[in-house]
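Participant: Got a predicted structure plus its sequence, pasted below:
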There are 2 protein chains.
Amino acid sequence: MPRNGEPARRRLQQAAVELFCERGYDQTTAAEIAARAGVTERTFFRHFPDKREVLFDGQAKLRELLTDAIARTPATLKPLETLYRAFRSVEKPLEDNRPFSFPRQQVIDRSPALQERELAKVAALAEALAQALRRRGVDERLAALAARTGMETFRHAVESWLADPAGGVGAHLDRAFDELHGLAASFSTRKTRHRQ
Amino acid sequence: MPRNGEPARRRLQQAAVELFCERGYDQTTAAEIAARAGVTERTFFRHFPDKREVLFDGQAKLRELLTDAIARTPATLKPLETLYRAFRSVEKPLEDNRPFSFPRQQVIDRSPALQERELAKVAALAEALAQALRRRGVDERLAALAARTGMETFRHAVESWLADPAGGVGAHLDRAFDELHGLAASFSTRKTRHRQ
């Protein structure tokens, strides 16, 4: 990685989503992205293995932030609140990243192949969250269910914030977790069995 | 579709998962699957566009059964209970399909490409469930969140039933939905704000 690599990396990411939006993902080459960012193609490939990974680069950082946050949460908190607090802790990086993540989502929405890639990354991130919960003593199975449903709630919040930034990502997270609470608090199979 | 096509189709599916387990997915050809099933290669391609689709063929039927069940559920039921009842209604086809779905899952677990395909199919199924809820008057956003978290709960139940069939898929569904209830009933951001 070159010295002062971070600014070049960010310029490459921004140039890439701009070009993907303007010309389409398939029609854009790594050389064109490098040219728009004012760096050489060689610099592009020092930062990213291919143009697809420009779009998914942030997920490793997000995973690290979230799993670290889970590890730091008071051990007395239950799994879903632990996840909620972890998601709230990445509010600032998400807001800072909006100029990239908004066009990024539009590019992904237009390509089934990129959508499949995105879903695979989301599933891997959910599994990392489950592992982080297990390290805090949460039961194996329950950790998986909490991480997957928590992850879907997070995605739901982020998508609704991308569509409408009002209130910030934190307000969308609160709303989504309260909606999940409303959906699940009113239903258990035991109640149903009693009623029948 | 030939007359009496269904038995041949089932034989092809069973032959395919057997061969994928024995030799590996990449090492198995459509011609070999047809030979094991006792039909011609032409018959294989009358039923399936390629060998990958043998594994995902059942998802269209599952989607139809689930969306029909949602449409038939009493309109007074809330979204998560509606989904739970739809999932319970496919218990028999799931049990009947276990001789295929068990080895199928093992094949998919060994291939990242098949896993990506599976995740895309699951996401499409969740979107179909969300649409079915919207047709019953559930709010646009809430339908998406209910369908995605309900779908993850269903997947969780099916995976745990594939690992351990005791009690049948119904018992695993009840357990997973009660676990979701336990996770989400105890946490809302309003409570958290009060506590702070």
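Facilitator: Cool, the structure landed.

Participant: I'd like the next helix or strand past the helix or strand hosting A:Ala60.
Facilitator: Secondary structure from DSSP states H and E places A:Ala60 in helix A:58-72. Reading on from helix A:58-72 to the C-terminus, the next helix or strand found by DSSP H and E is helix A:79-89.

Participant: Nearest residue to A:Leu84 in space, please, no chain neighbours.
Facilitator: Small correction: residue A:84 is Tyr, not Leu. A:Phe177 (5.3 Å; CB to CB, 6 or more residues apart in numbering or on different chains). The way it works is simple: take the backbone N, C-alpha and C, and place the C-beta from them, glycine included.

Participant: and that neighbour, what does it touch?
Facilitator: Contacts for A:Phe177 were tallied using CB atoms under 8 Å, 6 or more residues apart in numbering or on different chains; they are A:Leu80, A:Tyr84, A:Thr153, A:Ala157, B:Phe187, B:Ser188, B:Thr189.

Participant: Show me what counts as buried in stretch A:74-84.
Facilitator: Going by neighbour count (16 or more other CB atoms under 10 Å in any protein chain shown), the buried part of stretch A:74-84 is A:Leu77, A:Pro79, A:Leu80, A:Glu81, A:Thr82, A:Leu83, A:Tyr84.

Participant: Let me have those in JSON lines, adding distance to B:Glu22 and pLDDT as columns.
Facilitator: Shown next, in JSON lines, are these (distance: CB to CB, whole Å; pLDDT from 0 to 100):
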{"residue": "A:Leu77", "distance to B:Glu22": "47", "pLDDT": "94"}
{"residue": "A:Pro79", "distance to B:Glu22": "40", "pLDDT": "97"}
{"residue": "A:Leu80", "distance to B:Glu22": "42", "pLDDT": "97"}
{"residue": "A:Glu81", "distance to B:Glu22": "47", "pLDDT": "96"}
{"residue": "A:Thr82", "distance to B:Glu22": "43", "pLDDT": "97"}
{"residue": "A:Leu83", "distance to B:Glu22": "41", "pLDDT": "98"}
{"residue": "A:Tyr84", "distance to B:Glu22": "46", "pLDDT": "97"}
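
Participant: Between those residues, which sits nearest B:Lys51?
Facilitator: A:Leu83 (38.6 Å; CB to CB).

Participant: Verify the stated contact: that closest one with A:Ala132.
Facilitator: No. Contact criterion CB atoms under 8 Å: A:Leu83 and A:Ala132 do not qualify, at 9.2 Å.

Participant: what sits in contact with each of the two?
Facilitator: A:Ile70.

Participant: rewinding a little: touching the helix holding A:Ala60 from outside, list them.
Facilitator: In contact with helix A:58-72 (CB under 8 Å, 6+ apart) are residues A:82-83, A:85-87, A:89-90, A:93, A:97, A:100-101, A:121, A:124-125, A:128-129, A:131-133, A:135-136.

Participant: One more pass at 10 Å, please.
Facilitator: With contact meaning CB atoms under 10 Å, 6 or more residues apart in numbering or on different chains, helix A:58-72 is reached by A:13, A:53, A:77, A:79, A:82-83, A:85-90, A:93-94, A:97, A:100-101, A:104, A:118, A:121-122, A:124-125, A:127-129, A:131-133, A:135-136, A:138, A:147, A:151, A:154.

Participant: ok, which stretches of chain A are helices?
Facilitator: Listed in chain order, the helices of chain A (DSSP state H) span A:5-23, A:30-37, A:41-47, A:51-56, A:58-72, A:79-89, A:91-96, A:98-109, A:112-135, A:140-163, A:168-185, A:189-195.

Participant: Can you list the buried residues in the second one?
Facilitator: Yep, that's helix A:30-37 we're talking about. So for helix A:30-37, counting by 16+ other CB under 10 Å, buried means A:Ala30, A:Glu32, A:Ile33, A:Ala34, A:Arg36, A:Ala37.

Participant: In chain A, which residue sits nearest chain B?
Facilitator: A:Ala184 (3.4 Å; CB to the nearest CB).

Participant: Just give the nearest non-adjacent residue to that residue, would you?
Facilitator: B:Ala184 (3.4 Å).

Participant: Break chain A down into its domains, please.
Facilitator: Structural domains annotated on chain A: A:5-51, A:57-188, as defined by automatic domain parsing.

Participant: Tell me the spatial nearest neighbour of A:Ala123, not counting adjacent residues.
Facilitator: Nearest to A:Ala123 is B:Leu119, by CB to CB, 6+ apart, at 5.6 Å.
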